[in-house]
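Chemist: Output the structure for:
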Amino acid sequence: VSTTGNTETSSTSGKLKSVYEVDKWRHTARAEAFGQESQDSATGQTAVSAERYLLSGKSDYKFTERDYAFGLIKLTKDRFSGFEYEHTLAAGYGRKAILRDDMELDLEIGPGVRFYKVDDAPESEDEGVLRLAGKYWWQISDSSRFTQDLAFDIGEEFTTSESITGLTANINS
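Modeler: Numbers count the residues shown, from 1 in each chain. The predicted structure is shown next:
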């Protein structure tokens, strides 16, 4: 994306998600990158205003059609968040609270640990977290689907949350 006017701004974004299922295992990998920079037309100076990277991996082991255990690792580096980095490891229990042909709701809970370094701090820190997550999808019609992913990592020092909402609609087959 490129914008012009008093400043010229360019944004770059890339996302990749992969899901692999075999027998009782489901493995999910996710990678994201986002960057933005602007150049002042008058001075010619370029400034980076956003730079974020995320890499995560999650494995689920299914005990039954509804119950599973999960393990998660999430690595985040966001240059403008106030943290040099923030990494989370978590494990826990998941359950398909809704399991229908046109709709599913997965709920997860489990303990974890967060490793992080505040910008300009001399040392990194860590804390225990409670991970709460939900993943919902609804096949509204043959050509449209609604999705909602929520995740909370609740720690003693701070809580992070992520919400991703999607609506997919096909114009034709």
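
Chemist: is it true that Tyr93 touches Asp67?
Modeler: Yes. Tyr93 lies in contact with Asp67 (CB atoms under 8 Å); the separation is 7.4 Å. Backbone N, C-alpha and C define where each C-beta goes, glycine included.

Chemist: could you pull out the strands for this structure?
Modeler: 2-3, 7-22, 25-40, 46-62, 67-78, 83-99, 103-118, 125-141, 144-155, 159-169 (DSSP state E).

Chemist: Same list, those, but as a markdown table with mean pLDDT and mean neighbour count please.
Modeler: Output for the strands of the chain, formatted as a markdown table (pLDDT from 0 to 100; neighbours: other CB atoms under 10 Å):
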| stretch | mean pLDDT | mean neighbour count |
| --- | --- | --- |
| strand 2-3 | 62 | 9 |
| strand 7-22 | 89 | 12 |
| strand 25-40 | 91 | 15 |
| strand 46-62 | 93 | 15 |
| strand 67-78 | 97 | 18 |
| strand 83-99 | 96 | 17 |
| strand 103-118 | 96 | 17 |
| strand 125-141 | 96 | 16 |
| strand 144-155 | 96 | 16 |
| strand 159-169 | 95 | 11 |
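
Chemist: So which residue of this protein lies furthest out from the middle?
Modeler: In the chain, counting by CA atoms, centre = their mean, Ala42 sits farthest out from the average C-alpha position, at 37.8 Å.

Chemist: And that residue, how close does it get to Glu8?
Modeler: 11 Å (CB to CB, to the nearest Å).

Chemist: before we move on, what about Lys62?
Modeler: 50 Å.

Chemist: Please apply the same query to Gln148.
Modeler: As for Gln148, its distance to Glu8 is 36 Å (criterion: CB to CB).

Chemist: now swap in Ser81 and tell me
Modeler: With CB to CB as the criterion, Ser81 and Glu8 are 25 Å apart.

Chemist: Surely Leu72 and Ala90 touch.
Modeler: Yes. Under the criterion of CB under 8 Å, Leu72 makes contact with Ala90 at 4.7 Å.

Chemist: what's the overlap in contacts for the two?
Modeler: Common neighbours of Leu72 and Ala90, using CB atoms under 8 Å, 6 or more residues apart in numbering, are Gly112, Arg131.

Chemist: Run through the residues that contact the nearest residue to Gly166 once chain neighbours are set aside.
Modeler: Leaving aside its chain neighbours, Gly166 sits nearest to Thr147 (4.2 Å; criterion: CB to CB, 6 or more residues apart in numbering). Counting by CB under 8 Å, 6+ apart, Thr147 touches Lys135, Tyr136, Trp137, Trp138, Ile164, Thr165, Gly166, Leu167, Thr168.
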